[in-house]
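Trainee: I need the structure of the sequence given here:
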Amino acid sequence: MISEHSSKSLGVTVASTQFAHSNGLRMAYETFGDAHNPTLLLVAGLYNQLVRWPLSFCQELADRGFHVIRFDNRDIGLTDKMDGQAAPGLFKLFLMRRLGWRFKVPYQLEDMAADTIGLLDALGIQSAHIVGMSMGGMISQIAAARYPDRILSLTSIMSTSGVRGVGTASTKVILQMLKPRSKSQTALDIAVETWQMIGSPAYPQSDDEIRAVVVAEHKRSSNPAGYRRQMAAISAAPNRVALLKSIKAPVLIIHGLQDCLVPVSGGIDTAKHIRHARLELFDGMGHTLPEPLLSRFCDLIIENMAQAH
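Mentor: Got it, this is the predicted structure:
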């Protein structure tokens, strides 16, 4: 079943937000371009709503001949929340991950990969190219390995392989993420401060620019408990080395050399385990998608998709 919810976005041609049932969830998604063109599925990162995929990026890919779908993962945005399922606190999650302890979580990254395939099923799409950023890259890696007949090509952006010791956030960033809010600070202040810390030094953004994005996202939906549950799924995930080695589709790895949330070692290690992967590193890029690089990213993604048989 598919339903629609009217929305408009900053003068750019965007389909209404729509809803489809996937893997037991009501999932929110938006589309760009002609549905008869090859499908490109965009998988967002940790606690990122679909709007974190820049409109200009989605529109350029659509203008260049692709049917682009961006969607909200489970527990975020307008997609169903997993309310009532508790996750460990952030400090406990970081400690367990560092020590290699196993623990029970509400859901796994594997479940989120199944959600993406379920969305394709709901939309009647047999196969698609997939692009994921950060946690979305992890989900996309799993989808490409587990569903080789459905995923035509994979682009993994600022993500990692799950191998302990690579792609691990710096201590400074971890402390920032665990930082208690002072009496003079709001959640918005913390979000802007964190974004500036993990941002792209060669492509700086003002506090006001960042604040506008965070406020717009918050007005669309807010679910802090979903952040903890998604973080738990990441923390509990085993490394994906065996899965990466099994991927047969064309693979592109994009990573910033100045990424301090998921350092470049994560991208390098991911590429190392996929014999045919293409690795593209960008100086001055952190854990964001800098506007000046978006057209170059589109070029690379399209080149990678062209390798699919």
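Trainee: Quick one: the helices in the stretch 101-250 of the chain, in order.
Mentor: Remark: helices assigned in the stretch 101-250 of the chain by DSSP state H, counting those that start in this stretch are 109-122, 135-146, 171-178, 187-198, 207-220, 224-236, 241-246.
Trainee: So for residue 51, which of those helices sits nearest?
Mentor: helix 207-220 (6.1 Å; C-beta to C-beta). Backbone N, C-alpha and C define where each C-beta goes, glycine included.
Trainee: how close does residue 278 sit to residue 256?
Mentor: Shown here: residue 278 relative to residue 256, a distance of 16 Å by C-beta to C-beta, to the nearest Å.
Trainee: Name the residue in those two with the higher neighbour count.
Mentor: Neighbour count, other C-beta atoms under 10 Å: between residue 278 and residue 256, residue 256 has more, with 30 against 16.
Trainee: Could you measure from the more buried one over to residue 219?
Mentor: In terms of C-beta to C-beta, residue 256 sits 29 Å off from residue 219.
Trainee: Likewise for residue 186?
Mentor: Distance, residue 186 to residue 219, by C-beta to C-beta: 15 Å.
Trainee: Contact partners for the nearest residue to residue 292 once chain neighbours are set aside?
Mentor: Closest residue to residue 292 apart from its sequence neighbours, by C-beta to C-beta, 6 or more residues apart in numbering: residue 203 at 6.0 Å. Contacts for residue 203 (C-beta atoms under 8 Å, 6 or more residues apart in numbering) come out as 284-285, 288, 290-293.
Trainee: now do residue 128
Mentor: Neighbouring residues of residue 128 by C-beta under 8 Å, 6+ apart: 38-41, 69, 120, 150-152.
Trainee: swap the cut-off to 6 Å and go again
Mentor: Shown in contact with residue 128 (C-beta atoms under 6 Å, 6 or more residues apart in numbering): 39, 41, 120.
Trainee: now, among those residues, which is nearest to residue 244?
Mentor: Closest approach to residue 244 among the contacts of residue 128 (C-beta to C-beta): residue 41, at 19.0 Å.
Trainee: just to revisit the earlier point, could you dump the contacts of residue 203 into TSV and include distance to residue 128?
Mentor: Output for the contacts of residue 203, formatted as TSV (distance: C-beta to C-beta, whole Å):
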residue	distance to residue 128
284	31
285	26
288	25
290	26
291	25
292	28
293	23
